[in-house]
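Engineer: Okay, here's the prediction I keep looking at, along with the sequence it came from:
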Amino acid sequence: MSTAAPTSRTSIRPRRILIFLAILIGFLFFFGVPWELPPSLRDAGMSALSRANIAHLAKSREEPAPLPKVDEIFGLLHMVTEDVVDRALSEVEDLDPSQPIDMTVYAGYEKVDWTKTVKKLNEIYPVVVFSKSYCPFSRRAKKLLETYNIRPPPKIIEVDLRRDSVIIKSILSRLTQHHTFPNILIRGQSIGGSDELQALHAQRHLTKVLEKAGAVVQKDGSGK
């Protein structure tokens, strides 16, 4: 009788043990001990690798980088400062202005790069006044700003002349915590209304605030 079969089976066991040990050592090498490339390779311009590097690379391939967060107020500014597209939020179904609104609502059918849009808005319209055409406080604020001869000039949004005036008022109240008109925004930040504007003027701070926003003040505010 042949005895080759038992000898073959016994020779397989050490091989399995060696394979298992090799896998275990490889696992510990990559995930159990920090490591990096030899200095000669690093000097050649290759960056160091480690467990954290590998994990980060693997994750970056699996998940797209998150888009930078843009304040909702710039979505509203983008929509209301457009002169070509006549868009009204009142036409959006099931819109609740008391809750955060997705930026795609403000973009409509456009594909908007919000990072570039925010930069453009701040450059072209550093000062935006949400006004009501019949409001004496709004008229007072607009008249004061005219005396400064700002360049670029303030963008005036007459909210009462829009179909979505009630919705815009609600959104402005939520985003700026200022509930009346005018509502004056400088680079997307509300400074308040007519009283706050007049106070900055009286304290001789308004020119500095406007220039810090990137606007050019061509007069001293007194009309001279």
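Structural biologist: Looks like it came in fine.

Engineer: May I have the residues that are in contact with Tyr79?
Structural biologist: I think there's a mix-up here, since residue 79 is Met and not Tyr. Arg87, Leu89, Tyr106, Ala107, Gly108 (C-beta atoms under 8 Å, 6 or more residues apart in numbering). Yep, even glycine has a C-beta here, placed from its N, CA and C like the rest.

Engineer: Distance of the second one relative to Asp96?
Structural biologist: Taking C-beta to C-beta, to the nearest Å as the criterion, Leu89 is separated from Asp96 by 11 Å.

Engineer: can you check the fourth one too?
Structural biologist: With distances taken as C-beta to C-beta, Ala107 is found 18 Å from Asp96.

Engineer: The two: which is more packed in?
Structural biologist: For Ala107 versus Asp96, neighbours defined as other C-beta atoms under 10 Å are more numerous around Ala107 (16 against 9).

Engineer: That one contacts His78, doesn't it?
Structural biologist: Yes - Ala107 lies in contact with His78 (C-beta atoms under 8 Å); the separation is 7.3 Å.

Engineer: Which positions within stretch 153-166 qualify as buried?
Structural biologist: Neighbour counts using 16 or more other C-beta atoms under 10 Å place Pro154, Lys155, Ile156, Ile157, Glu158, Val159, Asp160, Arg162, Asp164, Ser165 of stretch 153-166 among the buried residues.

Engineer: Just send those back as TSV, with distance to Leu172, secondary structure and pLDDT too.
Structural biologist: Shown next, in TSV, are the buried residues of stretch 153-166 (distance: C-beta to C-beta, whole Å; DSSP: H, G, I helix; E, B strand; the rest coil; pLDDT from 0 to 100):
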residue	distance to Leu172	secondary structure	pLDDT
Pro154	16	coil	97
Lys155	14	strand	97
Ile156	14	strand	97
Ile157	10	strand	97
Glu158	14	strand	97
Val159	8	helix	97
Asp160	13	helix	96
Arg162	12	coil	94
Asp164	12	coil	95
Ser165	11	helix	96
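
Engineer: What is the most widely separated pair among these?
Structural biologist: Spanning the widest gap among the buried residues of stretch 153-166 are Pro154 and Asp164, at 21.2 Å by C-beta to C-beta.
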